[in-house]
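[1] Whatever this is, show me its structure:
(one chain, ligands or ions: 1)
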Amino acid sequence: MEAKSVFSNKKDTNTEQKLDMDRIPAHIAIIMDGNGRWAQARHLPRVAGHKQGMQTVKKVTIAASDLGVKVLSLYAFSTENWKRPATEVNYLMQLPIRFFKTFVPDLVKHNVKVMVMGDITRLPAETQQAVKDAIKDTADCDGMILNFALNYGSRDEITRAVQAIATAAQDGQLDPTTITEQTISDHLMSSPLGELADPDLLIRTSGEERISNFMLWQIAYSELEFVPEHWPDFDGEALKRAIIGFQGRHRRFGGL
Ligand SMILES: Cc1cc(N2CCCCCC2)n2ncc(-c3ccc(F)cc3)c2n1
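    Numbering: from 1, shown residues only. Below you'll find the model as predicted:
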């Protein structure tokens with residue numbers, strides 16, 4: 001059957017690059033980098049980049065949902081981000097609240113379910129409540145899952161999984177000789193995603209080629225796309241270009 005396709009209207013492609021709508025990656029993860037540099041280039045405070053980055057979250061969420069992506073994971077706040085200046089951390093902690101107040105009705109309209117990975121107990125109470133409200137208000141949606149990584153770090157996630165597995169073994173609830181890769185996957189924060197837990201495609205914006213402690217276990221077989229746009233400049237067309245890059249590769253899952 002001829003694959004449905006959508007031409008990328010970006011004029012700088014020198015070949016006819018088509019988006020194969022029958023091979024959209026089920027799970028896309030994005031490291032949303034470049035917000036501070038975007039602001040700096042415009043002689044604006046760093047928080048202006050975060051504010052514009054929030055608008056990009058809304059735009060890209062709808063674009064991904066419309067393309068048929070099943071899970072979109074976004075690295076919103078890492079366990080390392082607490083080291084940033086208090087003024088910036090305080091601003092960032094307000095963003096989930098603003099997101100809830102301004103965007104949840106749109107998410108429901110697009111049947112998008114909010115999920116969060118990370119230790120939210122360390123967040124300010126108001127931020128925690130906004131996150132819980134976003135999860136509650138979208139719980140009945142069964143379309144794309146918008147999975148925010150918030151106060152998340154992959155090494156922290158793996159450490160917590162090892163602790164839980166060791167405790168179960170110590171309590172006689174788990175025979176250590178039966179531990180498999182699936183046992184570890186089942187104890188990660190991504191486990192509610194089930195078969196969709198592992199990203200097919202990881203995108204990092206702003207040209208940096210680092211993983212930065214994001215979903216280290218889950219991206220074992222992911223395709224990686226490092227794109228030049230700062231996150232505030234990323235959009236639906238840039239998302240299509242990244243997916244076209246993904247579709248252009250033969251995926252081996254370690255085989256031939
Ligand atoms: C801390 C933080 C920062 C944050 N940025 C905006 C995007 C650019 C990168 C970092 C700054 N965004 N964007 C959305 C959320 C969010 C998180 C959980 C939730 F339930 C609803 C919204 C968010 N949270």
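
[2] all strands of the stretch 151-256 of the chain, in order?
    Assigned by DSSP state E, counting those that start in this stretch, the strands in the stretch 151-256 of the chain fall at 201-204, 223-226.

[3] Deepest-packed of these, please.
    Comparing the strands of the stretch 151-256 of the chain by mean neighbour count (mean count of other C-beta atoms under 10 Å), strand 201-204 ranks first with a mean of 25. From N, CA and C alone the C-beta is placed, and that goes for glycine too.

[4] Regarding this structure, what is its longest helix?
    helix 86-109 (DSSP state H).

[5] which residues touch the helix or strand following it?
    Counting by DSSP states H and E, the element after helix 86-109 in chain order, helix or strand, is strand 113-117. Contacts of strand 113-117 with the rest of the structure, by C-beta atoms under 8 Å, 6 or more residues apart in numbering, involve 73, 104, 107, 131, 134-135, 137-139, 141-150, 152, 157, 189-190, 192-193.

[6] filter the residues you listed to the buried ones?
    Burial of the contacts of strand 113-117 was assessed by neighbour count (16 or more other C-beta atoms under 10 Å); the buried members are 73, 104, 107, 131, 134-135, 137-138, 141, 143-150, 152, 157, 189-190, 193.

[7] Quick check: which ranges of the stretch 101-250 of the chain have low pLDDT?
    250 (pLDDT under 70).

[8] so where do the helices sit in it?
    125-137, 154-170, 181-186, 236-247 (DSSP state H, counting those that start in this stretch).

[9] Next to the ligand, which bits of the stretch 101-250 of the chain? Give me the list.
    114, 116, 131, 134, 148, 150, 231 (C-beta under 6 Å from any ligand atom).

[10] Contacts only, for the closest residue to residue 64 other than its chain neighbours.
    Nearest non-adjacent residue to residue 64, counting by C-beta to C-beta, 6 or more residues apart in numbering: residue 72, 4.7 Å away. By C-beta under 8 Å, 6+ apart, the residues touching residue 72 are 27, 28, 29, 30, 60, 61, 64, 65, 144, 145, 146, 147.

[11] could you give the angle of the helix or strand where residue 72 lies to helix 86-109?
    Using DSSP H and E, the element containing residue 72 is strand 71-78. Counting by axes from the mean of the first three to the mean of the last three C-alpha atoms, to 10 degrees, strand 71-78 lies at 160 degrees to helix 86-109.

[12] quick check: mean pLDDT across strand 71-78?
    Averaged across strand 71-78, pLDDT comes to 98.

[13] Just the buried residues of that strand, please?
    71, 72, 73, 74, 75, 76, 77, 78.

[14] filter these by proximity to the ligand?
    Okay, of those touching the ligand (C-beta under 6 Å from any ligand atom), that's 76, 77.

[15] could you dump the buried residues of strand 71-78 to TSV with distance to residue 87?
    Output for the buried residues of strand 71-78, formatted as TSV (distance: C-beta to C-beta, whole Å):
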residue	distance to residue 87
71	33
72	29
73	28
74	23
75	21
76	18
77	15
78	18
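
[16] what's the closest non-adjacent residue to the closest residue to the ligand within the chain?
    Going by C-beta to the nearest ligand atom, the ligand is nearest to residue 53 of the chain, at 2.9 Å. Nearest-residue entry for residue 53: residue 35, 4.4 Å, with adjacent residues in sequence omitted and distances by C-beta to C-beta, 6+ apart.
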